[in-house]
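>>> Provide a 3D model corresponding to the input given below.
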Amino acid sequence: MKKIIPIFTIILMISFSAFVSSFSISNFLQGPTNYVKIDSANSKTTFNNLDLVLSQGKKIDFNSLDQGKYYIRKAEENFDFVSNGGFQFKNAGVAGVNRLTILADGKVGIGTDTPGAKLQVNGDIKANAFYYNSDLRLKTNISVIENPIDKIMQLEGVEFNWKENGEKSIGLIAQEVEKVFPEIVSSSGEYKSVGYANLVAPLIEAVKYQQKEIKDLEERIKLLEEKLK
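I've put the predicted structure just below:
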């Protein structure tokens with residue numbers, strides 16, 4: 001026996017489908033400050049001063065800031081993002097450009113989506129200070145750098161332009177530094193990089209060596225002058 005659907009049921013279903021395809025709910029959460037607007041016609045939902053209450057009293061706040069911006073905050077604790085892969089923050093207006101990338105293995109890239117180190121930045125970095133691990137208790141096989149003058153003299157400071165943007169700069173060539181100080185050249189990723197901060201140590205020793213030579217020469221000149229008197 002066939003099941004007959006009443007005609008008024010069909011009419012009701014058609015009317016509901018038309019309603020759902022384009023509906024808008026304003027002030028869904030009533031109150032002086034709470035506000036959420038769902039606009040399915042434009043695939044857009046607007047939140048303003050909305051608190052989502054989670055278990056054990058934890059909250060995620062959608063709070064309005066100046067200039068109409070919004071942010072998400074988890075009160076009293078860190079906001080945890082869990083994923084088996086990584087995260088990418090993109091500029092919707094620029095195709096193929098990732099502003100920030102966090103790979104699944106923990107590498108972070110700013111201006112690149114393929115970081116080859118724990119942190120790789122394609123661009124300038126500004127900070128008040130940089131500190132490096134240098135505690136004696138972290139080191140072994142310590143010895144003074146030998147022949148610092150000879151090693152420094154093998155390096156060549158150069159002027160150049162970056163191919164990417166034509167910007168003029170100065171520095172060293174990683175392949176040349178690697179011949180003298182291979183321990184401060186990184187070959188991770190496609191290109192080689194130089195740990196410029198590590199050059200402070202041989203430069204200090206070179207200055208000390210030169211200063212010793214200057215003092216020796218001063219003593220010899222002093223002795224010659226006394227003999228000529």
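>>> how many neighbours does S186 have?
Residues lying near S186 (other CB atoms under 10 Å) number 15. Yep, even glycine has a C-beta here, placed from its N, CA and C like the rest.
>>> pLDDT score assigned to it?
pLDDT, the model's per-residue confidence, is 89 for S186.
>>> Name the secondary structure element that contains Q88.
When elements are assigned from DSSP states H and E, Q88 belongs to strand 87-90.
>>> how deep is F181 tucked in, by neighbour count?
Each residue near F181 was counted by other CB under 10 Å, and the total is 21.
>>> I figured it hits Y196, correct?
No: counting by CB atoms under 8 Å, no contact exists between F181 and Y196, whose distance comes to 10.9 Å.
>>> can you list the domains in the protein?
Using automatic domain parsing, the domain parsing of the chain gives 1-76, 83-126, 138-228.
>>> Could you work out the end-to-end span of the shortest one for me?
The separation between the terminal residues of domain 83-126, taken as CA to CA, to the nearest Å, is 30 Å.
>>> for the last one, same thing?
Its start and end residues considered, domain 138-228 measures 55 Å (CA to CA).
>>> Partner strands of the following helix or strand past the strand holding Q88 and their direction?
Helices and strands here follow DSSP H and E; after strand 87-90, the next one along the chain is strand 98-102. Strands that pair with strand 98-102, judged by DSSP bridges, come out as strand 87-90 (antiparallel), strand 108-110 (antiparallel).
>>> okay, these in CSV with mean neighbour count next?
Below are the strands paired with strand 98-102 laid out as CSV (neighbours: other CB atoms under 10 Å):
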stretch, mean neighbour count
strand 87-90, 12
strand 108-110, 18
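>>> Okay then, goodbye and thanks.
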